[in-house]
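Enquirer: what's the 3D shape of this:
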Amino acid sequence: MIDWREYWTRFPREFADDDFRRQVGRTANGGVPTPAPELDAVVAEVVACLQLGPNDRLLDLCCGNGLLSAQFAERCGAVVGVDFSEPMVAVARAHHARENVEYIEGSVLELGQLVDGVFDKVCMIESLAYFSPDDLAAILGGIAPTGPPHSRVLFSGVLDEEAKWSFFDTPERRASYEQQRKEGKEVMGRWWTRAEIQRIATEHGYEAEFFAQDERLNTSHYRFNAVMKPGPR
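Expert: The predicted structure is shown next:
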């Protein structure tokens, strides 16, 4: 298995301090940074899925270098970003600082030790692939004490097990994937089914809804969004 903490500590250092999109792997077509309109689409999608408002306090899990966190801060009352990558958090603090944003270095599996107060909304953007079902359960358990009854949780850009071969769409790409899987080095991370996310959500008192990604995103043919709301009490 890939050591994701080691990977995301090493990978960002391969790029210049201000090469924000490559640092977080937000690229396409062989490493070309995604264009600004795509980032705008990601932000708009998160705002819409969470119904993010000006008075909301947002918890941004796996916030990376703060590229998106700073934009969320323009649309809500406050943002707390958490990431275990020291170089990522350093870039976030240096380049994406805002008066209403706090960046915390630490694991999202240990939220109870890292964050205080209540969050109205929670998001994790294109990072669920780096976690197991047990990890997802731990994350939801860690979120529970921080949210009021009306809180919403978004896992966006989840790798879709049912659409895997839409990504590995040539014999060469599929063979490369199978070799990575055999070696335990799947660089894309874990592919998820809606059913397993629904099961874990239900076990933690949430109702999950699933949505297709915005078609403007080059990832929309193999990723989906999961929005969780507290279930009946």
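Enquirer: where do the helices sit along the chain?
Expert: For the chain, applying DSSP state H gives helices covering 4-10, 20-23, 36-50, 69-72, 86-95, 111-114, 133-143, 164-167, 171-183, 194-203.
Enquirer: which strands and helices sit next to the third one?
Expert: Same thing as helix 36-50. helix 69-72, strand 121-125, strand 152-159, strand 223-230 (3 or more Cβ pairs under 8 Å, 6 or more residues apart in numbering; DSSP states H and E). C-beta here means a position set from N, CA and C on the backbone, and glycine is covered the same way.
Enquirer: residue 157 contacts residue 214, doesn't it?
Expert: No. Using Cβ atoms under 8 Å, residue 157 is not in contact with residue 214; the gap is 10.3 Å.
Enquirer: so for those two, which residue has more residues nearby?
Expert: More neighbours surround residue 157 than the other of residue 157 and residue 214, with 24 against 16 (other Cβ atoms under 10 Å).
Enquirer: quick check: residue 126 touching residue 156?
Expert: Yes. Using Cβ under 8 Å, residue 126 is in contact with residue 156, at 6.5 Å.
Enquirer: next one, pLDDT for the closest residue to residue 41 other than its chain neighbours please.
Expert: Leaving out its chain neighbours, the residue that sits closest to residue 41 by Cβ to Cβ, 6 or more residues apart in numbering is residue 216, at 4.4 Å. Per-residue confidence (pLDDT) for residue 216: 90.
Enquirer: who does the nearest residue to residue 46 once chain neighbours are set aside bridge with?
Expert: Using Cβ to Cβ, 6+ apart and skipping residues adjacent in sequence, the residue nearest residue 46 is residue 123, 5.7 Å away. Bridge pairing for residue 123 (DSSP bridges) gives the partners residue 60, residue 154.
Enquirer: residues near residue 123, how many?
Expert: Quick note: residue 123 (other Cβ under 10 Å) scores 26 neighbours.
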